[in-house]
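>>> compute the structure for the input listed below.
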Amino acid sequence: MAILRFRIYWEDDDSVYRDVAIRHTQNFFDLHSAILKSYEFDSKHKATFYRSNDNWQRGREISLEKYDKNYKAEPLVMAETVISTEVKNPNQKFIYEYDFNKNWHFMVELINVDKEEKDIKVIYPVCVRVEGIAPSQYGTKGLIDSRLSEMEEKYDLNAAALVEGFTEEGESDTESEDNGEDVGAADEGNEF
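Residues are numbered from 1 along each chain as shown. Take a look at the predicted model:
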């Protein structure tokens, strides 16, 4: 059974991509689910694929379902369309659009075809490569947010603490200059 490897680029930054391996007998709904999982998106919104050419022009639509809109040609349905039926050349491209309100666009490109499965224990489709930080579907990424919170707590980086800890250039935090002490002499023994 042939395994197709697709590279899914985020349209806004082509250094962010995921490689997904899928059997040629699986359908576009399986690929749709794998893309969402690899980018950590939920599956609550509308989605569609477009068969494309080397110039990323939209061709035949392969939709999650038939939506209430005007179609030039009746769309194919993801769950009913086997991937191998739409792969017309060894560098086949598709445009994947998710959440029509937010307009997430991904460029999907066939990058490799293995004639046989190498590992029969793998459950396809599977994400086999991750490059770059995925965009956050609904705003700030949760992982980054929690790390930032931990750092703020550890180093007390709230605005008030930052203001209290720093003074204008030439001023001192303590009034040691007023006491006649030489601040520079106290620091001479300390090497950084």
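>>> packing partners of the helix or strand that contains Met107?
Under DSSP states H and E, the secondary-structure element containing Met107 is strand 104-114. Under the contact criterion of 3 or more CB pairs under 8 Å, 6 or more residues apart in numbering; DSSP states H and E, strand 104-114 touches strand 3-10, helix 28-38, strand 93-98. Just so you know, the C-beta spots here come from the backbone N, C-alpha and C atoms, and that holds for glycine as well.
>>> just the angle between the longest one and strand 104-114, please?
In this structure, helix 28-38 runs at an angle of 110 degrees to strand 104-114, with axes from the mean of the first three to the mean of the last three CA atoms, to 10 degrees as the basis.
>>> ok, Arg5 touching Glu109?
No. With contact defined as CB atoms under 8 Å, Arg5 does not reach Glu109; the gap is 9.7 Å.
>>> what residue is smack in the middle of the chain?
Ala134 (2.0 Å; CA atoms, centre = their mean).
>>> how much space between that one and Tyr17?
Using CB to CB, to the nearest Å, Ala134 is found at 10 Å from Tyr17.
>>> now the common contact residues for these two.
With contacts taken as CB atoms under 8 Å, 6 or more residues apart in numbering, Ala134 and Tyr17 have Trp10 as neighbours in common.
>>> now do the helices in the protein.
28-38, 83-86, 142-155, 159-165, 183-187 (DSSP state H).
>>> so, low pLDDT: which residues of the chain?
By pLDDT under 70, the weakly predicted segments of the chain are 140-192.
>>> and with 90 instead?
Within the chain, the ranges that satisfy pLDDT under 90 run 1, 14, 66-73, 116-121, 138-192.
>>> which residues touch Thr81?
So Thr81 contacts Asn27, Phe28, Ile62 (CB under 8 Å, 6+ apart).
>>> name the nearest residue to Arg18, ignoring sequence neighbours.
Ser38 (4.0 Å; CB to CB, 6 or more residues apart in numbering).
>>> one more: Asp12?
Using CB to CB, 6+ apart, the closest residue to Asp12 is Pro135 (7.2 Å).
>>> wait, what's in contact with Ile3?
Per CB under 8 Å, 6+ apart, neighbours of Ile3: Ala21, Ile22, Arg23, His24, Val113, Asp114, Glu116, Glu117, Lys118, Tyr124.
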